[in-house]
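Participant: Here is my input, please return the structure:
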Amino acid sequence: MDGILIVDKPGGITSYQVVAKVKKILKATKVGHGGTLDPLATGVLPIFLNRATKLVPFLMNGTKMYRATLRLGITTDTQDREGNIIAESSDIPADHQLIINTFNSFKGTIEQIPPMFSALKVHGTPLYKLARKGIVLTRKARTVTLHEIKVLDISLPHVTFEVWCSPGTYIRTLCADIGKKLECGAHLVELERLQNGSFRLSDSISLDQLNRFAEQNSIAEKLFSLSESFKALPSLRVENQITTILRKGGSLLASHLINTSLPSLEKGTLMKLTCQEDSLIAIVQSLINNSNGFSALSDKTRVCKLVCFFNPQENTLH
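Facilitator: You can find the predicted model right below:
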């Protein structure tokens, strides 16, 4: 069975533990996840099964949506409720409009310093393993984008909000930075991911439901539509010889596509190739930036390589 399963991750376990449970329940050969959630977090965790695991790097670059609650007045070393308290303040602002304005000030492109307690690796070692040993490294700030941020409820010292953000955004760090700007400190206490790219909470199932569906041999009905996943990808109609080259394991060269209207692509992005004589859709990865067309490329330049073939009628990968 190949495909994508959207799990509503429960709190208290890691994303890796969810993967292990899914692999055991479904007896899958390969299982991977898209977008790590901290143990305290719940919500959308895309699980990729068997051949679909090769799609993880390509389908997890979309906007993410979270609902979160922070606690003002307490700062922790992990920036969430699971850490040790390192500072406390009773000087929590009572002005709700000031709090709302402070949240709104983070909208747009901002710089974040990744937390030490994170899965980000330095020389192959996750930062959290170093943090547990008391080692603190200097981390470079990363640019992230908060497309929208909205305060839903203020029940001091707690504030609940929703945020639409780019991949790589740390909601824990956002909470800590808001607390710093309000000069009272803050940490994350609740976090739920509502959407991850095209995957939504409404598409998800719980681990208990997964067990029941597996027992009833009906799990295939719960797989996320691959057609929906690929819907936004640029598409190109090609001749039969092009898909024949891909089937033989070859890459597409500039000379193969010189007479096509290739859409503008960035290196690493995906594209659909359709052929009148072939019911399968070829999903290929761009190996170049082609904003300037083919004029500067030699005929032997590798333009695309095959990721997989997709059968839209069966919702399967090949």
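
Participant: Now residue 168. Nearest residue, chain neighbours left out?
Facilitator: Closest residue in space to residue 168, ignoring its immediate chain neighbours: residue 144 at 5.5 Å, by CB to CB, 6 or more residues apart in numbering. C-beta here means a position set from N, CA and C on the backbone, and glycine is covered the same way.

Participant: Enumerate every residue touching that neighbour.
Facilitator: 109-112, 165-166, 168-169 (CB atoms under 8 Å, 6 or more residues apart in numbering).

Participant: how about a cut-off of 6 Å?
Facilitator: Counting by CB atoms under 6 Å, 6 or more residues apart in numbering, residue 144 touches 112, 166, 168-169.

Participant: Farthest-apart pair in those residues, please.
Facilitator: The largest separation in these, counting by CB to CB, is between 112 and 166 at 10.4 Å.

Participant: Give me the more crowded residue out of these two.
Facilitator: Between residue 112 and residue 166, counted using other CB atoms under 10 Å, the more crowded position is residue 112 (20 against 15).

Participant: Could you double-check that that one lies in contact with residue 173?
Facilitator: Yes: between residue 112 and residue 173 there is a contact at 5.1 Å, judged by CB atoms under 6 Å.

Participant: you'd agree residue 312 is up against residue 226?
Facilitator: No: the criterion here is CB under 6 Å, and residue 312 misses it with residue 226 at 7.6 Å.

Participant: Who has more neighbours out of the two?
Facilitator: residue 226 (24 against 15).

Participant: Once you drop chain neighbours, what's closest to that one?
Facilitator: residue 315 (5.4 Å).

Participant: Over to residue 21?
Facilitator: Nearest to residue 21 is residue 207, by CB to CB, 6+ apart, at 5.9 Å.

Participant: And the one you found, how far from residue 1?
Facilitator: Here the criterion is CB to CB, to the nearest Å. By it, residue 207 lies 17 Å from residue 1.

Participant: Residue 98 too?
Facilitator: Taking CB to CB, one finds residue 98 at 53 Å from residue 1.

Participant: ok, these two, which is more surrounded?
Facilitator: residue 1 (15 against 11).

Participant: got a list of what the more buried one touches?
Facilitator: Contacts of residue 1 by CB under 6 Å, 6+ apart are residue 49.

Participant: mind running it again at 8 Å?
Facilitator: Contacts for residue 1 (CB under 8 Å, 6+ apart) come out as 26, 28, 49-50, 219-220, 223.

Participant: Helices of the stretch 1-150 of the chain, start to end?
Facilitator: Along the stretch 1-150 of the chain, counting by DSSP state H, counting those that start in this stretch, helices occupy 15-26, 56-59, 96-104, 127-132.

Participant: What is the first one packed up against?
Facilitator: When you say that, I think you mean helix 15-26. Where contact means 3 or more CB pairs under 8 Å, 6 or more residues apart in numbering; DSSP states H and E, helix 15-26 is packed against strand 3-9, strand 31-33, strand 42-49, helix 207-215.

Participant: of all those, which lies closest to residue 61?
Facilitator: Closest to residue 61 of the helices and strands packed on helix 15-26, according to CB to CB: strand 42-49, at 12.2 Å.

Participant: Describe which strands the closest one pairs with in its sheet and in which direction.
Facilitator: Within its sheet, strand 42-49 is paired with strand 3-9 (antiparallel), strand 31-33 (antiparallel), strand 186-196 (parallel), according to DSSP bridges.

Participant: Just want the angle from it to helix 207-215.
Facilitator: 30 degrees (axes from the mean of the first three to the mean of the last three CA atoms, to 10 degrees).

Participant: for residue 309, which residues make a bridge with it?
Facilitator: residue 282.

Participant: Quick one: residues contacting it.
Facilitator: 246-247, 280-283, 317-318.

Participant: what do you get if the cut-off is 6 Å, keeping everything else the same?
Facilitator: By CB under 6 Å, 6+ apart, residue 309 lies in contact with 280, 282, 318.

Participant: Tell me which stretches of the stretch 151-300 of the chain form helices.
Facilitator: Per DSSP H, counting those that start in this stretch, the stretch 151-300 of the chain carries helices over the ranges 171-181, 207-215, 226-230, 240-247, 254-257.

Participant: returning to that earlier point: nearest to residue 19 among the strands paired with strand 42-49 would be which one?
Facilitator: Here strand 31-33 is closest among those (CB to CB), at 5.1 Å.

Participant: List only those of the contacts of residue 309 flagged as buried.
Facilitator: Taking 16 or more other CB atoms under 10 Å as the criterion, what is buried in the contacts of residue 309 is 280, 282.

Participant: now the contacts of residue 309 in a markdown table, with distance to residue 7 and pLDDT?
Facilitator: Converted to a markdown table, these look like this (distance: CB to CB, whole Å; pLDDT from 0 to 100):
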| residue | distance to residue 7 | pLDDT |
| --- | --- | --- |
| 280 | 28 | 89 |
| 282 | 29 | 91 |
| 318 | 25 | 82 |
